[in-house]
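Engineer: pasting the sequence and the predicted model now:
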Amino acid sequence: MSNQPLVSIRDLKIGATTDAGRRVEIIRGVSFDIQPGEIVALIGESGSGKTTIALSLMGHTRTGCGIDAGTIRIDQHDVTAMSEAKRARIRGTEVSYVPQSAAAAFNPSQRIIDQVIEVTAIHKLLDRDAAEKKAVELFRALALPNPDTIGARYPHQVSGGQLQRLSAAMALIGDPKLVIFDEPTTALDVTTQIEVLRAFRSVMEKGGMAGVYVSHDLAVVAQIADRIIVLKSGEIQEEGTAQQILDAPTHPYTRELLAAFEPVPHVPLDVPQDASRQPILEVRNLSAGYGPVRNGEPAAKILKDINFRLQPGKNLGVIGESGSGKSTLARAISGILPPYQGEVVVNGVVQEPSLAQRSKEQLRHAQIVFQLPDTALNPAQPIGAILARPLRFYHNMRGAACEARVIELLDMVQLPAALRHRLPGELSGGQKQRVNLARALAADPKLILCDEITSALDTVVGAAIIELLKELQRELELSYMFISHDLSTVEAICDDVLVMYKGEVVEALPAARMSEDARHPYSRLLVSSVPKLDTGWLAGLEQDPELIARFANR
Amino acid sequence: MLLSYSTSILVLQRLAIALLTLVIVSFAVFFATELLPGDVAQILLGQAATPEAVAGLREAMGLNQPAFLRFLGWLAGLLHGDFGISYVNNMPVADLIGDRLVNSLRLAGVTTLVSVPVSLCLGIGAAMWRGSLFDRIVTVLTISVISVPEFMVATLAVLIFAVWLGWLPALSYGADVSSFSAMLKAYAMPVISLSFVVCAQMIRMTRAAVIDTINTPYVEMALLKGARRSRMVLRHALPNALGPIANAIALSLSYLVGGVIIVETIFNYPGVAKLMVDAVATRDLPLIQSCAMIFCVSYLSLITLADLMAILSNPRLRK
Amino acid sequence: MKPTTSPFRFMSPRQMGYSFNWVGRIGLAVIVFWALVAIFGPMLQPYSPGEIVDWDYFGPMTHQYLLGTDYLGRDVLSRILMGARYTVGIALVSVFLACAGGVVLGMVAAVIGGWFDMILSRLLDAFNGIPSLLFGLVVVAAVGSSIPVLVMTLAAIYLPGAYRFARALAVNVNTMDFVTVARARGEKTPYLILREIFPNILGPVLADLGLRFVFIVLVLSGLSFLGLGVQPPYADWGALVRENIGALSFGAPAIIFPSVAIASLTISVNMFIDNLPTKIRDRS
C-alpha cells in the first residue's frame, strides 16, 4: 500500500456549455498521479485547463462545466463518484485550496481569524481556542507580521501579499493531505512574490503535504515544484521532474515555452550616434498627477520631476512595480494626462501639455499601444475599419489606396489580409495585439509608447510580439519606449532602462548590464527578485531584509 | 456601529443631495401647477372673467409678483404648515388633508408590515434554491405582477376575493373600524392589492441582491472549505447582502406611492391619493400641489433611505 | 476567444450565439401580433368602434360579437382593435422620444464629463425623484389631457431613466482603451460618440427601450384608468377597463379582454427582453 500514490487522475474529461448552447470539451483525457508529500506543478497558458483540473480535484466545477468522464481518486476517496455532501466532507480536511486572488476570496464582512479557522468549525476538528492557537502558529510559520493580532483585522485592512499568506493559513488549518495553489502569486509584485513563495515553501516542507501548484510561470514553479506537468488545450504535453523539464525538455511545446523565457538578446540598432543628433524624445522636469488642481498642483501627485532622453533608433525601458507611476508616465508623454509641470519634447518640438492643444502632426509622431488587447480595439468595428481610420485621419487616405495600405499594414505585423473583414472578438489575444501595433504604425510614427503590451499575453505569444517589434524597428527606424514590470522582456528589447519607484526615476541603467550596474538599493532589490529558471534559485537567494522592509510593496 | 469619517461625509453628502433634489422637485411641482396652466385668475373666475375682475383677483392673489418670488413664498408657507386655501371649497388645505393623511399612512404601514416579511422569505428562498421549481414559480409570478398595471392587480383581487369567493367586501369604507373583523374587512382588499404590487418588486430585487452575493469568490471559497449550502448562504452571502436587501426594500416601498393612487381610487378609500385624484378632476391647484408634495417627500425619503442603506452596508467603510 | 475556423462569413443566428429560447420566441410572436393589430386594426374591425350595435350591455361572447359588448352595447373586439392603436402608438412614440433624448444626452455627458455632466446628472436625478404616475397626474391636471400632452409627459417621465442608463454604459465604454486611443489620435467628441461609443452601447440600450416601453404602457393605462389619459370618444386599453369597471362584479368579457390585452403585451415584452441572448443584453 505504501507505493500507492496519494492522488490519481485517470482519463479525466471535463466539458463546458457555451453561451450558444454547444458542449465543448475543455479537458480531454488527462491522467496523472501525485505521491504523498510531492508538489506537482500544472503549467500552461490561458485556456490550457490548468485551473479546471485543479478545481476538479475538489470535486468542484465552475458554472456551466461538468465532469463528463474519468476518475479522480484522493487517498481512499473516489471524488468523481461521491455525492456532493460527501465531497463537502473532504474539502478543507483532505484537499484544500489557495485561490488566485485572496482579496476576493475573503469575506469582506468577517474578521480574518473567523474565516481562517472556519474549516475547523465546519468539520468539527478543533474547539475555538485550539483552532485560534493553531492559526497563530501558522501565521508565524508563514512569516506574517504581528501573528497574534493580525487575525482580528478585516480583510481590507491588510496588504495583498499578507492576504495571500493568510489564505494559505486558511488552507492549511485542517491538516489536508493535498493543497491546491491556484496561481497564488500572479497578482503580486516580484518583490512581494519572493516572500510569499518562501513562506509557502517552508510550510509545505514542514508539513510534508502534497501540493498542486497551478501557474503559467515556469521560473516560479521551478522554485517550489518537484514535478512539472505541461498542459496545452486540455491535454498533457509533457510530464517530468522539475530539473528534467528545465534541462532536457523533450516535447516541442515545452521547448517553445522555455525559449520564450530565454529571449534573444537585444542587438542595438546600428544608427550613427553622435551627440549633436536630436533626441526623438526628451522629457524635462516632468510632473503629473490626478485630481482637482489647486495652486497649479493636482491633489494626487504621481510623477515627480522626471528627466530623460531617448535617441532615435534606440529603445528605452521603464520598469517598476504596481503604483510606481510607469503607466502614468506614458499617459503624460502622450498628453492623455496633461502634466502640470515640465516639458515633453518629441523630435525637437515642444509638445503642448494636453491633447486638445496638440496638432495632428504632433500627435502623429508619437503613438501609444496599450496593455489589454481585449479593450484596445473597438469590438463593433471590423479590423479593416480600425486600421483605415488613422490613415484617413492623419494622411487623408481613402478608397483603394487606403485598402491597399491596410493590407500592407496587416502584412507588416504578419497577419493575413483577409483578417480585415473580421471583428476583434473573433481574434486571439496575440492577433489583437498585432492589430494594435498595426494601428499605431498606420500613423507612420517615429516613436511608439508600449505600455505593458506583452503582460496580458501568454509567454510564447508575448515573445513573438517582441520579435516583431525588433523586426519593425529594423525596417522602419522606430524608437520604442517600453514600459513593463517584467525585467526579462525589457532586457530583450531595450538599450537603456529607467527604474521607477513611487513616481520617481531612481536609476538609469544599460539594459544588458542591469544586475551588474545597479547601484540604487531599490533597483538591486528589484533585479534580484526576478525568479530565474533554476530550481535552486530561491533557496540560494540572499536579500537584505532591511531593503525588503524599506521597499517591498507589502 | 461607529461611523468612520469618510462614511459620515458620504452620508451627509447624500442627505444634502436629497435636500437639493427636494427643492428642484418642489420647483417642478410649482411650475407645473402654477405656471403651465396659464392664468390662474382666469381659471378661477371661469365664466365671470371680466378683465377688471381678473386684474383684481391677480392683485389680491399676488400673481403679479415674479414667479420666482411666488415660488419662494409658497415654499416658505409649506415649511410653516401653511398649505394654502382650496379653490373649490375655500377650506384650508391642511384641514382637508389631515385625517386622510393618517388613513393613507395606515394603509401604507399595514401593507409594509405584510409585504416585507413575505418578500424576504420568498426572495431569499428563491435565491437560495436558484433554478428550482420554487424559484421558477416565484419568478414567473413576480414578472407577471410587475408587467401588469396596478389597477389590474386590484381588479383581479376583487374578482377573486370579493366576487368569486365572496370573502371580503369589494369596496372599503375605511371609517368602520369598530371591531377587529370589521377593520380587517375594510383594509383587506386595498392591502392585498397593494401588497401584491410591492411584494413583486421586493421579491425580485431581494432575489437579485442575494444571487449577486452568492456568485462572489468568497462564497465559492466557503464551498471549497466544505461548507454546506445553508452555511454558504446564511454565514457568507446573507450578511453581505443585508445592505443590498435593505436597499431593495426601501426602493420597492417607493412603489407604494404609485400603487396607492390607483388602489385608493378603485376601493374608494378615503386617503390622500383619492383626495388628489378628485382634486385633479376639479382642478383644485393648491390641493394638488400639497398632495403632490406629500407624495414627493415620501418617495424621496424612501429613495434616500435606500441609498443610505447601500452606503452604510459597505463593510469596507466600517471602523 | 478562438478565431472561427469556418470559411463562411454568414453564420446562422444560432451559431453566432444569438439564439432565443422558446419563451423569448413566444414573447416575440405576441409583440409582432400586437404590432400588426396596431397597424391593420381598423381594417379588421367587424363594427365601427363607436357604434352601438346591441341593446344588451355587457353582453356575453357570441358568434356575432366575438368578445361580447360593452357598457353601451358596443362591440368589444372592435374597441380593443381601436385601443391597440392608442396604447401601442402612444407608448412607442413616447419611448422613442425618451430614449433618443436620454441616450444622446447620456453619451454627451459621459464623453464631455466635468461640470456639464455633473449639472445635467443632478438635474435629471432630481427629476427622477418624482413618482411617475404622480407627475402624469399633475401635468394633466395643469394643462388638460390630449394625445400630444400625453406623449410629451410620458417621454419626460422616462427620459431621466434612459439618460442614467445610457450614461452609465457610456461612462464604462469611455474608459476603455480603444476610446483613449482614439482620443490620443486627436479625434473630436462627435466622432467618439458616434463611432466609438454608440455602437457599443446599442444592444443594452435597445433592451432597455423594451423595458421602458412596458413601464410607459403601464403608466399610460394607469392614467387612462383614472380618466386622465385618452379622452372619449377615443379609448386606449386602460380607458376601456375604466369604462367597463361596472362589469367587474359579473366578470363580463367587456372588462376581462382589455385587461388581457394589456397584460399580454407587457408580459410578452418582458419575456422577450428577459430571454434576449446575453450577447445583446450585456455587450459591455
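Structural biologist: The structure has been received and is ready for your questions. Numbers count the residues shown, from 1 in each chain, chains lettered A, B, ... in the order given.

Engineer: any regions of the stretch 1-150 of chain B where pLDDT drops low?
Structural biologist: Scanning the stretch 1-150 of chain B for pLDDT under 70 picks out B:1-4, B:35-49, B:58, B:60-64.

Engineer: near chain C, which residues of it show up?
Structural biologist: Taking Cβ under 8 Å from any Cβ of the partner chain as the measure of proximity, the stretch 1-150 of chain B contacts chain C at B:17, B:20-22, B:24-25, B:28-29, B:32-33, B:36-37, B:143-144, B:146-150. In short, each C-beta sits where N, CA and C put it, glycine included.

Engineer: what subset of these is buried?
Structural biologist: B:17, B:21-22, B:24-25, B:28-29, B:32-33, B:37, B:143-144, B:146-150 (16 or more other Cβ atoms under 10 Å in any protein chain shown).

Engineer: correct me if wrong, but A:Ser324 is in a strand.
Structural biologist: No - per DSSP: H, G, I helix; E, B strand; the rest coil, A:Ser324 lies outside any strand segment and is coil.

Engineer: ok, it touching A:Gly503?
Structural biologist: Yes - using Cβ atoms under 8 Å, A:Ser324 is in contact with A:Gly503, at 7.0 Å.

Engineer: more neighbours: those two, which one.
Structural biologist: Applying other Cβ atoms under 10 Å in any protein chain shown to A:Ser324 and A:Gly503 shows that A:Ser324 carries more neighbours, namely 27 against 22.

Engineer: what's around the residue nearest to the more buried one when sequence neighbours are not counted, how many residues?
Structural biologist: Leaving aside its sequence neighbours, A:Ser324 sits nearest to A:Met500 (Cβ to Cβ, 6 or more residues apart in numbering or on different chains; 4.3 Å). Residues lying near A:Met500 (other Cβ under 10 Å) number 26.

Engineer: same question for A:Asp517.
Structural biologist: A:Asp517: 15 neighbours (other Cβ under 10 Å).

Engineer: spit out the contact partners of it.
Structural biologist: Residues near A:Asp517 by Cβ atoms under 8 Å, 6 or more residues apart in numbering or on different chains: A:Leu509, A:Pro510.

Engineer: likewise A:Leu172?
Structural biologist: A:Ser96, A:Leu138, A:Val179, A:Val203, A:Gly207, A:Met209.

Engineer: residues in the stretch 151-300 of chain B within reach of chain A, list them.
Structural biologist: Residues of the stretch 151-300 of chain B found near chain A (Cβ under 8 Å from any Cβ) are B:216-218, B:220-228, B:231, B:236, B:239-240.

Engineer: packing partners of the strand or helix carrying the residue nearest to A:Ser324?
Structural biologist: Element membership for A:Met500 (DSSP states H and E) is strand A:496-501. Applying 3 or more Cβ pairs under 8 Å, 6 or more residues apart in numbering or on different chains; DSSP states H and E, we find strand A:496-501 packed against strand A:315-319, strand A:504-510, helix A:521-529.

Engineer: what comes into contact with it?
Structural biologist: Counting by Cβ under 8 Å, 6+ apart, residues outside strand A:496-501 touching it are A:308, A:314-321, A:324-326, A:329, A:490, A:505-511, A:514, A:518, A:520, A:522-523, A:526, A:551.

Engineer: what's the spacing between it and its chain's center?
Structural biologist: Here the centre of strand A:496-501 is set off from its chain's centre by 19 Å, with Cα atoms, centre = their mean, to the nearest Å.

Engineer: ok, it: who's next to it in the sheet?
Structural biologist: strand A:315-319 (parallel), strand A:504-510 (antiparallel) (DSSP bridges).

Engineer: deepest of those, which one?
Structural biologist: strand A:315-319 (a mean of 27; mean count of other Cβ atoms under 10 Å in any protein chain shown).

Engineer: what angle sits between that one and helix A:521-529?
Structural biologist: Orientation note: strand A:315-319 sits at an angle of 90 degrees relative to helix A:521-529 (axes from the mean of the first three to the mean of the last three Cα atoms, to 10 degrees).

Engineer: show me what contacts residue 151?
Structural biologist: Reading this off chain A. Here A:Gly151 is in contact with A:Arg111, A:Ile112, A:Ile113, A:Val116, A:Glu132, A:Ala135, A:Val136, A:Phe139 (Cβ under 8 Å, 6+ apart).

Engineer: right idea, wrong chain: chain B
Structural biologist: Here B:Phe151 is in contact with B:Ile262, B:Ile266, C:Ser221, C:Gly222, C:Phe225, C:Gly238, C:Val241 (criterion: Cβ under 8 Å, 6+ apart).

Engineer: now do the SS call for it.
Structural biologist: Secondary structure, three-state DSSP: B:Phe151 is helix.

Engineer: I'd like the distance between it and chain A.
Structural biologist: 39 Å (Cβ to the nearest Cβ, to the nearest Å).

Engineer: what does B:Val277 give?
Structural biologist: The value you get for B:Val277 to chain A, if Cβ to the nearest Cβ is used, is 46 Å.

Engineer: wait, doesn't that residue sit right on C:Phe225?
Structural biologist: No - the criterion here is Cβ under 8 Å, and B:Val277 misses it with C:Phe225 at 10.5 Å.

Engineer: tell me the SS of A:Val283?
Structural biologist: Going by three-state DSSP, the state assigned to A:Val283 is strand.

Engineer: shouldn't A:Ile306 be within a helix?
Structural biologist: No - A:Ile306 is assigned strand when assessed by three-state DSSP, not a helix.

Engineer: list the contacts of it.
Structural biologist: Contacts of A:Ile306 by Cβ under 8 Å, 6+ apart are A:Val283, A:Asn285, A:Leu286, A:Ser287, A:Leu329, A:Gly342, A:Glu504, A:Val505.

Engineer: so which of these is the closest to chain B?
Structural biologist: A:Ser287 (27.4 Å; Cβ to the nearest Cβ).

Engineer: can you list the low-confidence ranges for the chain?
Structural biologist: Picked chain A for this. Looking at chain A by pLDDT under 70, you get A:1-3, A:19-21, A:263, A:270-276, A:549, A:552-554.

Engineer: try again with chain C
Structural biologist: Looking at chain C by pLDDT under 70, you get C:1-20, C:251, C:278-284.

Engineer: so where do the strands sit in it?
Structural biologist: Ranges of strands within chain C: none, based on DSSP state E.

Engineer: residue of it nearest chain A, please.
Structural biologist: Closest point on chain C to chain A, by Cβ to the nearest Cβ, is C:Pro199, at 3.5 Å.
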